[in-house]
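Asks: take this sequence and fold it.
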Amino acid sequence: MKVDYIALSIPIFFLLIGIELAYDFYKKLKYYRFNDSISNLSQGIGSQLTGLFMKTTLFFGYKYIFEHWRIFELPNNIWVWIILFIAVDFCYYWFHRMSHQINALWAAHIVHHQSEEYNLTVALRQSWFQSWFSWVFYLPLALLGFEPLMFLTLSSFNTLYQFWIHTRGIKNMGFLEHILNTPSHHRVHHGSNPKYIDKNHAGTLIIWDKLFGTFQKEEEEVYYGITSPLASWNPVWANVHYWVELLNTAKKADNITDKVKVFIKPPGWFPANLGGFKYAPEIDVMNYKKYDSTYSSKIIRYVSFQFMIALGVGSALLFLNSKLDITQVILIVLFTIATLITCGALLENKSWLKYFEYSRLLFSIVALYSFNQLAIFNTFALVIIIVQTFSIIWFYYLQTTSSHAQ
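Replies: Below is the predicted model of the structure:
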């Protein structure tokens, strides 16, 4: 049976985030900001939902190669598990490294690096499209004969391991720093300091970076984020903005060769007519400022409420999607993403939000009637209608009374 270990781990993720947040509050470390954390978690929700349309296909792609083209018949014993663990980590290293060295791959992976904070919510800040190409790097394992469920288990473990290293609460871990990917090593990976860029691509074992020349020890203070800040809380824009930049650059290139190179060269590469390669600038410490926005406590309460709805609906879909037809799944995904867009737009005080939010709330009530064949419909439909009607009234109140900064 194929088990979604990531989805099952969601309660643990939020428990650990809660513990780190309490520690941050107690120590007054200011590692968390409301707007940044909502943005990070929104990307995580969106990643899981868009992944519903690809995960099964990709798993069966691996399975097909295993069943028809595998070279070896490998036994199911502890040694094969150990070898596969190392092999998965090795493949992850190269997928991750290439995601930083090829613009078309970086366009997806960049989402994970956009946050200018570093805490456990950043671990959940994942691209909505990265899984559409990352699986290719693991196909040699199917060809070698590693059983699909073994691969799924260990690749999930590789992902789960990387959750806890997104913290500033753990400093140096002694001798483990020589073997494992630790919070210190991964903080370097998220740095926008020129000396830290494209370093420490490891998943679980830091040995790959040391073997292949991409290791960098944490030394001076890390400044997190990307060299050209996203400066937005919009989850959709976060996933497409670099593609827009690449397309605009390609349009300005003089010839077809340069237009193609825009997508296959490393980040920072530009055609000669656009000035050539542009290296990451040094951090201007004196003028460094994180992207931020101001809003009232009323906005925080409304955003928190809507985000919890998105989280609840999205989480339910991860476990109930097999009971729904594709149209219903698409409707729920669209509703959840629209709710996350609302949260981001409220935190930016976007002028178009008024019309968007009323449309979203009305759409969610009308769309309920396409689910009337589910056994749970009669139980929860009334509750959902009441909640969304309440949201309409609440949002109207915000529009008429809110005085948060423009």
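Asks: pLDDT score for A375?
Replies: A375 carries a pLDDT value of 52.
Asks: going forward, the N-terminal residue is numbered 38.
Replies: Understood, numbering begins at 38; the last thing we discussed is A412.
Asks: please work out how many residues are found near the residue nearest to W270 when sequence neighbours are not counted.
Replies: Beyond its immediate neighbours in the sequence, the residue positioned closest to W270 (C-beta to C-beta, 6 or more residues apart in numbering) is G381, lying 3.7 Å away. Placement of C-beta: from N, CA and C, glycine included. The burial metric for G381, expressed as a neighbour count using other C-beta atoms under 10 Å, is 23.
Asks: what sits against G381?
Replies: With contact set as C-beta atoms under 8 Å, 6 or more residues apart in numbering, G381 has these partners: I75, S76, S79, S269, W270, N271, P272.
Asks: so of these, which ones are in strands?
Replies: When DSSP state E is applied, those are split such that none fall in strands.
Asks: show me the shaky parts of the stretch 288-437 of the chain.
Replies: Along the stretch 288-437 of the chain, segments meeting pLDDT under 70 span 406-418.
Asks: and the helices in it?
Replies: 293-301, 334-357, 363-385, 390-404, 414-438 (DSSP state H, counting those that start in this stretch).
Asks: now do the residue of the chain most remote from its centre against V259, distance only.
Replies: Relative to the centre of the chain, the most outlying C-alpha is that of E110, 35.7 Å out, by C-alpha atoms, centre = their mean. Distance, E110 to V259, using C-beta to C-beta, to the nearest Å: 47 Å.
Asks: kindly report the same for F314.
Replies: F314 is 24 Å from V259, by C-beta to C-beta.
Asks: compare those two (neighbour count), which wins?
Replies: Neighbour tally, F314 and V259, criterion other C-beta under 10 Å: the higher count belongs to V259, 18 against 11.
Asks: can you count the residues close to the residue lying closest to that one once chain neighbours are set aside?
Replies: When the adjacent residues along the chain are set aside, V259 lies closest to G228, with 4.1 Å between them (C-beta to C-beta, 6+ apart). Burial measure for G228: 24 neighbouring residues, criterion other C-beta under 10 Å.
Asks: and G228, what does it touch?
Replies: With C-beta under 8 Å, 6+ apart as the criterion, the residues that contact G228 are I234, V259, Y260, Y261.
Asks: just T251 next, same as before
Replies: Contacts of T251 were listed using C-beta under 8 Å, 6+ apart, and they are R134, D235, K236, N237, H238, W245.
Asks: skipping adjacent residues, who's closest to the last one in space?
Replies: Counting by C-beta to C-beta, 6+ apart, Y130 is the residue found nearest to W245 once chain neighbours are left out, at 4.1 Å.
Asks: also the second one?
Replies: Closest residue in space to D235, ignoring its immediate chain neighbours: H137 at 4.8 Å, by C-beta to C-beta, 6+ apart.
Asks: which one of the helices of the stretch 288-437 of the chain is the most hemmed in?
Replies: Of these, the one with the most neighbours on average (mean count of other C-beta atoms under 10 Å) is helix 363-385, at a mean of 20.
Asks: re earlier: give me the buried subset of the contacts of G228.
Replies: Burial by neighbour count, judged by 16 or more other C-beta atoms under 10 Å, picks out I234, V259, Y260, Y261 from the contacts of G228.
Asks: specify which member of those residues is nearest to W172.
Replies: Among those, I234 lies closest to W172 (C-beta to C-beta), at 25.9 Å.
Asks: show me the contacts for that closest one.
Replies: When the contact criterion is C-beta under 8 Å, 6+ apart, the partners of I234 are G228, T264, A317.
Asks: can I take it that it is in a helix?
Replies: No - counting by DSSP: H, G, I helix; E, B strand; the rest coil, I234 is located in no helix; its state is coil.
Asks: from F97, how far out is it?
Replies: Applying C-beta to C-beta, one obtains 37 Å for the distance of I234 from F97.
Asks: count the residues that sit near the closest residue to L267 other than its chain neighbours.
Replies: In space, not counting the residues next to it along the chain, L267 is nearest to Q151; the distance is 4.5 Å by C-beta to C-beta, 6+ apart. As a burial measure, Q151 scores 24 neighbours (other C-beta under 10 Å).
Asks: could you do L142 as well?
Replies: In terms of burial, L142 registers 21 neighbours under the definition other C-beta under 10 Å.
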